[in-house]
Structure formats: C-alpha cells, structure tokens
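Novice: A predicted structure for the sequence below; I have some questions about it.
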Amino acid sequence: MRTSEETLAALRNCPHYGIAELLQIMQVLRSENGCPWDKEQTHQSIRQDFLEECYEAVEAIDLDSVPMMREELGDVLLQVVFHCQIETEQSHFTFDDICDELCRKLVIRHPHVFGSTEVSGSEEVLKNWDSIKQETKHQQTAADTLDGVCKALPALMYAQKLGKRAGRAGMDWRNAEDAFRYIRKETDELEAAMQSGDSKQIEEELGDLLFSCVNTARHLHIDAETAMRDAAEKFRRRFAETEKLVLADKKEMASLEIETLDEYWAQAKKNLAASE
C-alpha cells in the first residue's frame, strides 16, 4: 500500500480525529512505507502491551482521574485497533465486523430492553444474561460453563469465577462459616505436607489453601483480587515506613534480626494508623 501525500497531510492536519481516522492511521503505520516497528508486530509480540494498557486503565479508574482515564482508555482502544488491523490484512475480519458482532450480542443479551422480557431488577438481568450466554455459546453442562472461564485471568479472579459458576450448579458451601472451616482443614494439610518435605505436595496443598481463601471471600461478598491487591499495597506502605524508621536510627535493615525488625514494623503500623 502506498499512501498519498494528500492522505498523510489530511491525517496530519485533521481538526478533530474520530474512529475512522484512527483506523486509517493504523493502516498507514502498518503499510509498506509505514513504521518499521509497527509493521513487525504480531498478536503475540504486543500481547503483553494489551495487558499493561488494560491495567493502566484500571489504575486510572481506581484513582478516579478523568484525564488519565481518557488517555488510558485511548491506549486500550489502540490495542484493539492494532490487533484488528493485523487480522484485516489477513482478510479474516474488520473493525466493522467486531462492532457488528458486539452490537448483536448486546441486543440478544438485553431482551428486557430490545424485546418483551420483563425483569424485576439487576439480579434477574444478570441471571438472564448468564442463561442467554450459556445458550448462545452452546454450553450444555455445568462443566462447560467452567471451561468457558478465561484461563488468562489473574489466578485469584480465575479461581473466584470458577467457584461462582460451580455454585450455580449446587457445588458450593452453604455459607461463609462453612467455607472458612475448610481453610483450617487446608492449613492442617499444608502443615503435614511441609513436614513431609515433598515440594510437589507442598505446592498442591498451598494451592488448595489459597483456593479455600478465595471461596471464603466469595461467600463474604469480597473480591479476592481486590483484597489481595489492597493487602499488598498496605504491605508496601508499612515496609516503606519501617525502612524510614530504621534509617532514622542510622541502621540498615539487612543487618537487623527479624525480631528487631518486627518492633520497627509494629511502630510503623502505629504511625500509619495515626496518620490515616
């Protein structure tokens, strides 16, 4: 593809860009006389970029930053357009095909808006959505619905979705208390595995323990991924405060015994609690 100077000039001087211009710019970047880097990329080579842009968009949402959301959502859209252009070049599908399939899905899964179905509220909407999704994806068994959970999700999210779908089929704890009791059981099994020294068994039992924690979170109506991320962020803040206290005493963390560091850690917790 040779891009005319008129086309390039029009794209350079466009007073307001829209989706049509974005698609055209991506086509130009991937063209014969486009950008060497863009032309070399494949789905796999930019896969990680897609993940990172999605996480950055989520961070913008968490920060409630409108300018950041506008920028990061644009970066996510760029990834969609990039992957779409690669497939367009192979004559597999176009951006319009993606939009068509998405719109049809939305219409089909909202019969209470685009059809005559009546719902009592959001809970029934979600129930209908799952039922329609199962039908359109030809999922005939409960196991099929578990197979439909995206395996590329972060482990905690993946585990929580599996537990939720298994629960719809009746394979679930009655309440959070029952799920919590299983954590104790898995803790005992992990301890026994540690005493055996079998690394494979230790890994398996640790995984079972984590899965039980996720099930308990689900019954407590807590998102396990969010809880883990919040805990990690809390650890980061407390570590930074602990290090600050150690350095203020002109000491090095690596040279201190864990018992001494625990004392600094306890003080760091108090300092942060007082400032929050």
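Specialist: That came through fine.

Novice: Arg109 versus Phe102, what's the distance?
Specialist: Wrong residue type there; residue 102 is Leu, not Phe. Leu102 sits 11 Å away from Arg109, going by C-beta to C-beta, to the nearest Å. From N, CA and C alone the C-beta is placed, and that goes for glycine too.

Novice: which of those two has more neighbours?
Specialist: Neighbour count, other C-beta atoms under 10 Å: between Leu102 and Arg109, Arg109 has more, with 18 against 10.

Novice: what sits against that one?
Specialist: 128-129, 132-133 (C-beta atoms under 8 Å, 6 or more residues apart in numbering).

Novice: mind telling me what element Ser212 is part of?
Specialist: Element membership for Ser212 (DSSP states H and E) is helix 199-219.

Novice: let me know whether Val125 touches His112 as I believe.
Specialist: Yes - with contacts counted by C-beta atoms under 8 Å, Val125 reaches His112, the gap being 6.6 Å.

Novice: on that earlier part again, only whichever of the contacts of Arg109 are buried, select them in PyMOL.
Specialist: To isolate the buried members of the contacts of Arg109 in PyMOL, using 16 or more other C-beta atoms under 10 Å:
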select buried, resi 128+132
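
Novice: any residues in contact with both of Val125 and His112?
Specialist: Counting by C-beta under 8 Å, 6+ apart, the residues touching both Val125 and His112 are Val119.

Novice: of the two, who's got more company?
Specialist: Val125 (17 against 14).

Novice: may I see the buried residues of stretch 212-232?
Specialist: Neighbour count says stretch 212-232 has 212-219, 224-225, 228 buried, by 16+ other C-beta under 10 Å.

Novice: how is the protein carved up into domains?
Specialist: Domain ranges of the chain: 5-106, 142-225, 227-275, per automatic domain parsing.

Novice: need those in a markdown table (columns: distance to Ser116 and mean pLDDT).
Specialist: Shown next, in a markdown table, are the domains of the chain (distance: least, C-beta to C-beta, whole Å; pLDDT from 0 to 100):
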| stretch | distance to Ser116 | mean pLDDT |
| --- | --- | --- |
| domain 5-106 | 17 | 95 |
| domain 142-225 | 26 | 93 |
| domain 227-275 | 41 | 94 |
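
Novice: got a markdown table for those, with distance to Thr117 too?
Specialist: As requested, these are exported to a markdown table (distance: least, C-beta to C-beta, whole Å):
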| stretch | distance to Thr117 |
| --- | --- |
| domain 5-106 | 14 |
| domain 142-225 | 20 |
| domain 227-275 | 35 |
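
Novice: quick one: which of those domains is nearest Glu118?
Specialist: domain 5-106 (18.7 Å; C-beta to C-beta).

Novice: the closest residue to Thr117 other than its chain neighbours: what's it in contact with?
Specialist: Excluding its sequence neighbours, the residue lying closest to Thr117 (C-beta to C-beta, 6 or more residues apart in numbering) is Pro111, at 3.9 Å. Contacts of Pro111 were listed using C-beta under 8 Å, 6+ apart, and they are 117, 128, 132.

Novice: please apply the same query to Tyr158.
Specialist: 149-151.

Novice: let me see the ranges of the strands in this structure.
Specialist: For the chain, applying DSSP state E gives no strands.

Novice: so which residues of it form helices?
Specialist: For the chain, the helices defined by DSSP state H cover 5-12, 19-29, 36-40, 47-63, 66-89, 95-108, 111-114, 122-136, 142-147, 155-168, 176-196, 199-219, 224-248, 258-275.

Novice: the fourth one vs helix 66-89, what angle?
Specialist: In this case it means helix 47-63. Relative orientation of helix 47-63 versus helix 66-89 (axes from the mean of the first three to the mean of the last three C-alpha atoms, to 10 degrees): 150 degrees.

Novice: helix 47-63 versus helix 224-248: what angle between them?
Specialist: 80 degrees.

Novice: give me the buried positions along helix 47-63.
Specialist: 50, 53, 56-57, 60.

Novice: of the domains of the chain, which stretch is the most buried?
Specialist: Per-stretch averages of neighbours, counted by mean count of other C-beta atoms under 10 Å, single out domain 142-225 among those, with a mean of 15.
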